[in-house]
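Novice: using only what follows, build the 3D model:
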Amino acid sequence: MRAGTAGGAAASAISAALAAEQAAIYGYGVVGSHLTGARAAAARAYWTAHQAAADKLTALLQGRGTAVPPAPAAYQLPRAVRTAAQAASLAVTLEDQVLSAYLGLIAVDDEPLRALGARQARTAALRAAAWRGSTVAFPGLPDTALIS
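Specialist: Predicted structure coming up:
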């Protein structure tokens, strides 16, 4: 594989993870506005964690000389959120999407990026399980990926 191709794959995977983190930041603003108490505190903590992760991914892209487009001003949410239960469901979706994006980093030919992807995928899986109240067999993979 040519070095440029490997570098391009890594930059694409970082960009995809960054896009997922940016969407999660936006989504957690909605999630947190529908929660109180410990769940609101968790949403704030996760919002902050996603911001820190986005900053790290932005720095990685900039360090590779890759242009970093700004995050969109708004996102289309996958469902309406009017209740605490709907907010928790959105948080699960956000974390599952972040986890899926980090699977792309795990697949690149760059040991530090694979390690980052693995850590962040694990963290997203744990957050999703906390919101869901349980875990799933293969977090981040759609059910269709498990059918042969």
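
Novice: where in the chain is pLDDT low?
Specialist: Within the chain, the ranges that satisfy pLDDT under 70 run 1-6, 137, 140-141, 143, 146, 148.

Novice: do that again at 50, thanks
Specialist: Low-confidence segments of the chain (pLDDT under 50): 1-4.

Novice: what about the longest helix in this structure?
Specialist: In the chain, ranked by residue count with DSSP state H as the criterion, the top helix is helix 3-32.

Novice: and the nearest residue to V108 once chain neighbours are set aside, how far from T66?
Specialist: In this structure, V108 finds its nearest non-sequential neighbour in A10, 4.7 Å apart by CB to CB, 6 or more residues apart in numbering. Using the backbone N, CA and C atoms, a C-beta is placed for each residue, glycine as well. Distance of A10 to T66, given as CB to CB, to the nearest Å: 9 Å.

Novice: kindly report the same for L90.
Specialist: Distance from L90 to T66, by CB to CB: 30 Å.

Novice: quick one: L116 and G104 touch, right?
Specialist: No - counting by CB atoms under 8 Å, G104 is not a contact partner of L116; they are 11.4 Å apart.

Novice: got a list of what R44 touches?
Specialist: G32 (CB atoms under 8 Å, 6 or more residues apart in numbering).
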